[in-house]
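Q: sequence isn't available, so here's the structure alone:
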């Protein structure tokens, strides 16, 4: 239970940081958008990766004896890449200004007001489509990371339940789409990110635990060959803890500082 609780806490915090960075991206122009997307990808992708392996560690060392280094690293890269791409896609449509549909006929030109209203409605429709696409892209990245993470674990046998895996993908996809759609609403105030962060957490957790609910794992019957597998469960705990302490506070602090002082604060810090 301690491992599951730690996975939930880490997943919530990383999702919150990713959603705050997405809101900053939507209010940034130029190359700065790529920087925010990359930062969100690192935070969100790490959360997905850490949640998976903390959940696997909860099975105990009698089931997972060790982890192969290459799949572990590749799964982290895939998770970060998919998260960053989803955030970049979600931020490609500028948010509709509040009240854009109202008062469009202030100059007395009814046709111009109707045209502005139609453009605003089209923009909102694009926002919805982009949010759905970002949610699908994100959950596919989570699913790919989940499969690679299972391949990284040293186990003698693994039996998939295909209907449960499909259900996990559908439920996780629904929460993921909802997370990116709700991220469109409201201001960039930090507390506004709580709802999409929790929805993203539910997407990650539901895919992992529903998929694992009816998966049969055969425990390893021999000690791990550390010359080949390299990463013991205890070392994985240390790696996850160090990365969490390093990445998440930095991302959260950067987002809050930017919200309070504006993006120009970083130019002042770098060049002064």
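A: Everything's here; your move. Treat the numbers as computed from the prediction; the structure is a model and nothing was measured. Numbering: from 1, shown residues only.
Q: which residue ranges form the helices in the chain?
A: For the chain, the helices defined by DSSP state H occupy 2-26, 32-57, 69-90, 110-152, 162-182, 194-213, 226-229, 233-261, 265-271.
Q: mind checking pLDDT for the closest residue to residue 151 other than its chain neighbours?
A: Nearest residue to residue 151, sequence neighbours excluded (CB to CB, 6 or more residues apart in numbering): residue 71, at 5.1 Å. The C-beta positions use only the backbone N, C-alpha and C, and glycine is treated the same way. We have a pLDDT of 86 for residue 71.
Q: cool, residue 133 as well?
A: 94.
Q: state the number of residues packed around it.
A: Number of residues near residue 133 (other CB atoms under 10 Å) recorded here: 16.
Q: show the contacting residues for it.
A: Neighbour list for residue 133: residue 89 [criterion: CB atoms under 8 Å, 6 or more residues apart in numbering].
Q: roughly how far does it sit from residue 121?
A: According to CB to CB, to the nearest Å, residue 133 and residue 121 sit 19 Å apart.
Q: circling back: packed most tightly, which of the helices of the chain would that be?
A: Counting by mean count of other CB atoms under 10 Å, helix 32-57 has the highest mean neighbour count of the helices of the chain, with a mean of 25.
Q: and it, what does it pack onto?
A: helix 2-26, helix 69-90, helix 110-152, helix 194-213, helix 233-261 (3 or more CB pairs under 8 Å, 6 or more residues apart in numbering; DSSP states H and E).
Q: these into CSV, with extra columns for distance to residue 46?
A: CSV is the format used below for those (distance: least, CB to CB, whole Å):
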stretch, distance to residue 46
helix 2-26, 6
helix 69-90, 7
helix 110-152, 11
helix 194-213, 12
helix 233-261, 6
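Q: out of these, which is closest to residue 184?
A: Residue 184 sits nearest to helix 110-152 of all the helices and strands packed on helix 32-57, at 5.4 Å, using CB to CB.
Q: find the nearest non-adjacent residue to residue 26, please.
A: Counting by CB to CB, 6+ apart, the residue nearest residue 26 is residue 91, at 4.6 Å.
Q: doesn't residue 41 make contact with the one you found?
A: No: judged on CB atoms under 8 Å, residue 91 makes no contact with residue 41 at a distance of 11.9 Å.
Q: what's the closest of the helices and strands packed on helix 32-57 to residue 37?
A: Once the helices and strands packed on helix 32-57 are compared by CB to CB, helix 69-90 is nearest, at 3.8 Å.
Q: between the closest one and helix 194-213, how big is the angle?
A: On the basis of axes from the mean of the first three to the mean of the last three CA atoms, to 10 degrees, helix 69-90 is oriented at 140 degrees to helix 194-213.
Q: give the other helices and strands that helix 69-90 contacts.
A: helix 2-26, helix 32-57, helix 110-152.
Q: for those helices, give me JSON lines that also has distance to residue 79.
A: JSON lines is the format used below for those (distance: least, CB to CB, whole Å):
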{"stretch": "helix 2-26", "distance to residue 79": "11"}
{"stretch": "helix 32-57", "distance to residue 79": "4"}
{"stretch": "helix 110-152", "distance to residue 79": "4"}
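Q: for the ones you listed, which one sits closest to residue 173?
A: helix 110-152 (4.4 Å).
Q: what sits against residue 141?
A: Residue 141 neighbours (CB under 8 Å, 6+ apart): 45, 48, 78, 79, 81, 82, 83, 85, 86.
Q: done for today, thanks.
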